[in-house]
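Colleague: next one to model:
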Amino acid sequence: MSETLYARVQAATQGTSYRLQRTGRGFDMTVNVPQVGRHTTQVHTYRVELQPREKTFTMTDIVRTRGESGGRTVERGRARYRTWSRSLDGSERTSFSSADGHRLIRAAAQELGWQELRPPTAKVALVIGAIGGLMALGMLIALALVFWP
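Modeller: Modelled structure (predicted):
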């Protein structure tokens, strides 16, 4: 079952700059982000972990950036961004959207009846966001009570 999903994603990436690699629990789909900066390179990996019995999967973005000074960063979670650039002579335009990779994987999975689950990092971010929102609301109510004429 998971082999079929891998084959479907592999077929969808033919002729593109995406590269697939099997992992112990699923696969990674990797792409070099075109010209993030003059001396900066970026590699975006979509890590897909499969649970074949339940026909579910999680997708986590891993974005590796290497800067001009040799500094490196790695971001994990759900990354949504778009980049675009032109060549120095203006003749060639390149663009990248992280959402394109998400759509590619989701479409292949949906055709086969697979369902996406949120990765643990997305669940934690949702809880922290909700707590922050409640704290802000509480602060606004407290300020309204204190300064009410």
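Colleague: okay, CA-based contacts and neighbour counts for the rest of this
Modeller: Will do.
Colleague: check which helices and strands the helix or strand of the chain with the lowest mean pLDDT sits against.
Modeller: Least confident helix or strand of the chain, by mean pLDDT, DSSP states H and E, is strand 82-86 with a mean of 75. Here strand 82-86 touches strand 26-37, strand 93-97, going by 3 or more CA pairs under 8 Å, 6 or more residues apart in numbering; DSSP states H and E.
Colleague: where do the helices sit along the chain?
Modeller: If DSSP state H is used as the criterion, the helices of the chain fall at 2-12, 98-111, 120-146.
Colleague: now render those as a markdown table, adding mean pLDDT and distance to V31.
Modeller: Shown next, in a markdown table, are these (pLDDT from 0 to 100; distance: least, CA to CA, whole Å):
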| stretch | mean pLDDT | distance to V31 |
| --- | --- | --- |
| helix 2-12 | 91 | 13 |
| helix 98-111 | 93 | 9 |
| helix 120-146 | 89 | 22 |
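Colleague: which of those sits closest to T56?
Modeller: helix 98-111 (8.9 Å; CA to CA).
Colleague: for that closest one, packing partners?
Modeller: In this structure, helix 98-111 makes packing contacts with helix 2-12, strand 40-51, judged by 3+ CA pairs under 8 Å, 6+ apart.
Colleague: right, I'll leave it there.
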